[in-house]
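S.K.: Everything below, folded, please.
(chains A and B)
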Amino acid sequence: MRFLNNAATSFPNPEAVTRAVAASLAARPMEPGRSRGGKDLVSVCRERLATLFGVDDPAQVILVPSATYGLNLVIHGVLTAAAPCHVLATQLEHNSVLRPLAHAARRAKVEVTHLTPTAAGEITAAALADAIRPQTRLVAVTHASNVSGSIQPVAELAAVAARAQIPLLLDASQTAGAVPLSYRTLPGRVFLVAAGHKGLYGPTGTGVLVVPDALVAPTFVGGTGVRSEELLQPETLPLYYEAGTHNLPGAAGLAAGVEFVLERGVETLGQHRHDLVTRLRERLQTQPGITLQPIVNGDGRAGVVSFTVAGVDPDEVGLVLSESFDIETRSGLHCAPLAHRHFKTLPRGTVRASFAAFNTNDDVEALAAALAKLGRR
Amino acid sequence: MTRVLEIRALEDCFDGSFAKEIRVDPPVDEATMRRLATEAQLSYYPEFPRPYFRIEKWGFYVIQGVVGNATFRVTFARSAVNAALAHLQDLTEQGEDHG
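M.R.: Reported below is the predicted structural model:
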């Protein structure tokens, strides 16, 4: 099986990740604040993530069960305190942003504006600046669309939000580990969220949230292993946002995954994805009947190529690729319905091929050849 | 004789139809595929690495699968699901001499 669905979950994982998870399950549990004797892997994971994202204090790095959890924590935390208010998001967001915002809008007086990207799929700083209102309390932007792979100008967008003194929620699920991101250089209050099981090569059930401070009320509270005499959640980082026993095998695996990324280098991993994306786009551009979704500035570091085949349902293309050609892609709406509305690919969506560290040029050629055969049928 | 071992619900589809995965024993061979295509339109691609087929009985269902696999997918039109499923089970389980 050629696995080209890495935008959902990367596969395979580095061997070190598999070994780390197994070793964690076999070892005596070591939790921060709860165990003695040696350094716990939760803290190691936190420190490596801080290094990766350029975060000064590892305590700002919150380990969460998923990117979705981190996004919900920020959205509900900010909006509960701010309603009635206005929120700016984009049409490129995943349902992990769209749905919490829609629920917040239904529950409280929260109005949501979804910024329209350019035809190429870019959210410009000017568009963001124009849409800000006095009541705007949060800006939520995906670093890269999981549908088209277009990477957004995050530094410019953060500068606009900072000038308006509005916190920025940045979903880096599709770029973490492949596009350099320096948290400390982003202006203003930035909440950075990423999945652990995509470009960070950790296990599913892991994610990361970087917070600027402890000013947002936590969504979940509970045991922390320390300061147990206090009935309210200790307002120190990272405890404020990490209630309950940690996912120790997950943290061990994510620590190993981030170490893999740091050793290979984010630039190298991003360049590899870009090369594969560029090669596939070149192959498909010449194939009759195939329509490629646009990508901003030809930057393929998100590792995504999205396309349709004339006259064939995307779902059927995905099925044939999987069943007949042993190539796994993802078809449909990719949990991003507004992006597909923007790209005019509703209601059936697109076929998405997505690359990671272990994909090769052979994978690209196999997919291009399969689609050529499909086109001739 | 082909036996239906399991009918498993898959996800609902965008257009209100819904899909099921049917597991059979033995795996689908070309004769079974052609029997399933009785009074329906068969598209067959034996030149693919694993031969793909698509059978459409308009207004009832679309069958998609690969010759040699023990499962195939059926997308039913919502209005005709019960009749279509019964019809399909009859077709699948007919012996070769009925084909």
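S.K.: B:Met33 contacts B:Tyr52, correct?
M.R.: No - if you go by Cβ atoms under 8 Å, B:Met33 and B:Tyr52 don't touch, sitting 10.3 Å apart. For the C-beta atoms, the positions are set from N, CA and C on the backbone; glycine is no exception.
S.K.: what about the residue of the stretch 201-350 of chain A found nearest chain B, distance to B:Pro27?
M.R.: Closest to chain B within the stretch 201-350 of chain A is A:Ser324: 4.1 Å, counting by Cβ to the nearest Cβ. Distance, A:Ser324 to B:Pro27, by Cβ to Cβ, to the nearest Å: 15 Å.
S.K.: do the same with A:Gly54
M.R.: 54 Å.
S.K.: swap in A:Gly244?
M.R.: 46 Å.
S.K.: which one of the two has more residues nearby?
M.R.: The neighbour count for A:Gly244 versus B:Pro27, taken as other Cβ atoms under 10 Å in any protein chain shown, is higher for B:Pro27 (16 against 12).
S.K.: tell me the contacts of that one?
M.R.: When contacts are counted by Cβ atoms under 8 Å, 6 or more residues apart in numbering or on different chains, B:Pro27 touches B:68-70.
S.K.: 10 Å instead, please
M.R.: Applying Cβ atoms under 10 Å, 6 or more residues apart in numbering or on different chains to B:Pro27 gives the contacts B:2, B:65-72.
S.K.: just B:Glu93 next, same as before
M.R.: With Cβ under 10 Å, 6+ apart, B:Glu93 has these contacts: B:1-4, B:24, B:32, B:35.
S.K.: what does A:Val317 give?
M.R.: A:290, A:307-309, A:329, A:331, A:350-351, A:370-371, A:374.
S.K.: Now with 8 Å, please.
M.R.: A:309, A:329, A:331, A:351, A:371, A:374.
S.K.: What helix or strand is it located in?
M.R.: Element membership for A:Val317 (DSSP states H and E) is helix A:314-323.
S.K.: Would you mind listing the buried residues in that helix?
M.R.: Buried residues in helix A:314-323, counted by 16 or more other Cβ atoms under 10 Å in any protein chain shown: A:314-323.
S.K.: could you redo these as TSV and give each row distance to A:Lys198?
M.R.: Output for the buried residues of helix A:314-323, formatted as TSV (distance: Cβ to Cβ, whole Å):
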residue	distance to A:Lys198
A:Pro314	21
A:Asp315	23
A:Glu316	26
A:Val317	23
A:Gly318	19
A:Leu319	24
A:Val320	25
A:Leu321	21
A:Ser322	20
A:Glu323	25
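S.K.: Kindly list the main-chain dihedrals of A:Met88?
M.R.: For the record, residue A:88 is Leu, not Met. Backbone torsions of A:Leu88, given as degrees, to the nearest 10, read phi -110, psi 120.
S.K.: Please apply the same query to A:Gly270.
M.R.: Torsion angles, degrees, to the nearest 10, at A:Gly270: phi -70, psi -40.
S.K.: Kindly report the same for A:Gly303.
M.R.: According to degrees, to the nearest 10, A:Gly303 has phi 80, psi 20.
S.K.: What separation do you get for it and A:Tyr183?
M.R.: 22 Å.
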